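Visitor: sequence and predicted structure are below.
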Amino acid sequence: MWMADKSCTPDIQFHTKMLSAEEALTRLKAGNRGFIKGDGKTQGLVNEARRNQLVGGQEPFAIILGCSDARVPAEIVFDQGLGDLFVIRVAGNIVAPSQIGSIEFAAKEFGTPLVVVLGHSQCGAVAATIDDLTNTEDNYSRSLHSIVDRIRPAVEPLIGTPECSDPEELLMEAVRANIRASVKKLRNGSPILDELQQHGLQIVGAKYSLKRGIVEFLDE
């Protein structure tokens with residue numbers, strides 16, 4: 001059983017059958033195109049034979065840190081089946097110790113070469129953060145504040161700027177800023193992920209459009 005130990009140098013070894021990060025990214029993009037067109041393959045992969053094949057283990061080709069929003073299920077958005085993606089979902093696609101640990105585990109244990117932070121348009125957690133920054137009343141519980149407080153540093157610099165004077169524009173830019181902040185934390189906040197990045201692991205950000213169904217990859 002793998003255990004995170006920052007005092008130890010991780011044993012880096014991507015599985016020989018695993019895709020490269022570039023191939024994994026291409027596969028996700030192709031899957032999203034199939035999802036948008038409505039001719040996806042997902043249903044064909046959810047069957048008894050596939051379930052039995054995965055009983056003995058898994059080799060997900062991508063790790064997705066996504067938002068808990070019910071409208072953005074990563075497997076469907078990227079048109080992938082059982083065993084293809086290692087998905088971590090939390091409101092606002094924030095990065096906290098449990099998320100870092102989950103990503104460390106998958107990247108090291110399975111040799112998964114790609115991490116995608118998947119945010120989306122009209123994110124409620126980001127909107128709540130904007131509301132918290134622009135209103136004097138405190139409408140949120142301590143637990144919800146634990147999410148808002150992690151989003152706040154990315155969003156606060158946008159408040160009151162001419163570029164974000166329109167509420168819709170502010171929310172759109174805040175979503176992007178929050179995705180990029182989560183990517184930055186993952187790229188720089190873990191010795192294990194840092195070591196894995198030196199051996200081919202890629203960490204990228206992406207934004208899903210609720211209206212269009214398109215996943216836009218940011219700053220590749």
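Guide: Received, thanks.
Visitor: for residue 124, which residues are in contact?
Guide: Going by CB atoms under 8 Å, 6 or more residues apart in numbering, residue 124 touches 69, 91. C-betas here are computed from N, CA, C, even on glycine.
Visitor: name the helix or strand for residue 172, please.
Guide: Residue 172 belongs to helix 167-188 when assigned by DSSP states H and E.
Visitor: for whichever helix or strand comes after that helix, which positions count as buried?
Guide: Downstream of helix 167-188, the next assigned helix or strand under DSSP H and E is helix 191-197. Within helix 191-197, the residues scored as buried using 16 or more other CB atoms under 10 Å are 192-193, 195-197.
Visitor: so what secondary structure elements neighbour helix 191-197?
Guide: Judged by 3 or more CB pairs under 8 Å, 6 or more residues apart in numbering; DSSP states H and E, the packing partners of helix 191-197 are helix 97-109, helix 167-188.
Visitor: got those as JSON lines, with mean neighbour count and mean pLDDT columns?
Guide: Formatted as JSON lines, those follow (neighbours: other CB atoms under 10 Å; pLDDT from 0 to 100):
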{"stretch": "helix 97-109", "mean neighbour count": "18", "mean pLDDT": "96"}
{"stretch": "helix 167-188", "mean neighbour count": "20", "mean pLDDT": "97"}
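Visitor: which among those helices is found nearest to residue 81?
Guide: helix 97-109 (17.1 Å; CB to CB).
Visitor: and that closest one, what other elements does it pack with?
Guide: Packed next to helix 97-109, using 3+ CB pairs under 8 Å, 6+ apart, are strand 62-66, strand 85-89, helix 167-188, helix 191-197.
Visitor: direction included, what does the second one pair up with?
Guide: Paired strands of strand 85-89, with direction, are strand 62-66 (parallel) (DSSP bridges).
Visitor: greatest separation within the buried residues of helix 191-197: which pair is it?
Guide: 192 and 197 (9.8 Å).
Visitor: all helices of this structure, in order?
Guide: 21-37, 42-45, 48-53, 74-77, 97-109, 124-134, 142-155, 167-188, 191-197 (DSSP state H).
Visitor: adding distance to residue 116, write the ones you listed out as TSV.
Guide: Shown next, in TSV, are the helices of the chain (distance: least, CB to CB, whole Å):
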stretch	distance to residue 116
helix 21-37	7
helix 42-45	17
helix 48-53	22
helix 74-77	8
helix 97-109	11
helix 124-134	18
helix 142-155	18
helix 167-188	9
helix 191-197	14
